[in-house]
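J.: One predicted model, sequence on top.
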Amino acid sequence: MLKQRPWLAEHLDDVLETLRHGRRKQDPMDPTKYKYSRQWEALFPEYNHLVAVVRFGEAVDPQGRSVPNNYVVTAWAVFRYGRS
């Protein structure tokens, strides 16, 4: 995320808060992928929402146990009109 959008580095805590408390919507084509969004006034005037895409999965650890392998695919800021 930070390689493509280095200006978001100062909003890393906001991205994490978006993941914790933002609106979540499952991708209809990929049930392991979710999009989170949340309004952030700190981004005004150019943007008003942060959006993050997360993929949920599992991996196998060295002991052969299944462990969560969830990660943020990308995050970006957008301006949404007429939405909270």
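T.: Great, that's in hand.

J.: What sits closest to the residue nearest in space to the middle of the chain if chain neighbours are left out?
T.: Centroid-nearest residue in the chain: A52, 2.0 Å away (criterion: CA atoms, centre = their mean). Among residues not flanking A52 along the chain, A75 sits closest, at 4.1 Å (CB to CB, 6 or more residues apart in numbering). Quick note: C-beta positions are derived from backbone N, CA and C, even for glycine.

J.: can you count the residues close to the one you found?
T.: 23 (other CB atoms under 10 Å).

J.: which SSE is it in?
T.: Using DSSP states H and E, A75 sits in strand 71-78.

J.: so the residue in the chain sticking out farthest from the centre, which of the three states?
T.: Within the chain, Q63 marks the point farthest from the mean C-alpha position, 30.3 Å out by CA atoms, centre = their mean. Under DSSP: H, G, I helix; E, B strand; the rest coil, Q63 falls in the coil class.

J.: confidence score at it?
T.: Note for Q63: predicted pLDDT of 96.

J.: ok, which stretches of the chain are helices?
T.: Along the chain, the stretches classed as helices by DSSP state H are 12-21.

J.: so what's E58 scoring on pLDDT?
T.: 94.

J.: now do M1
T.: Confidence score, pLDDT, at M1: 56.

J.: Please apply the same query to the one 4 residues further on.
T.: At R5, the model reports a pLDDT of 80.

J.: Could you pull up the residues touching it?
T.: Contact analysis of R5 by CB atoms under 8 Å, 6 or more residues apart in numbering lists A75, W76, A77.

J.: and it, how far is that from A59?
T.: For R5, the distance to A59 (CB to CB, to the nearest Å) stands at 27 Å.

J.: Also P28?
T.: Taking CB to CB, one finds P28 at 25 Å from A59.

J.: of these two, who's got more company?
T.: A59 (10 against 7).
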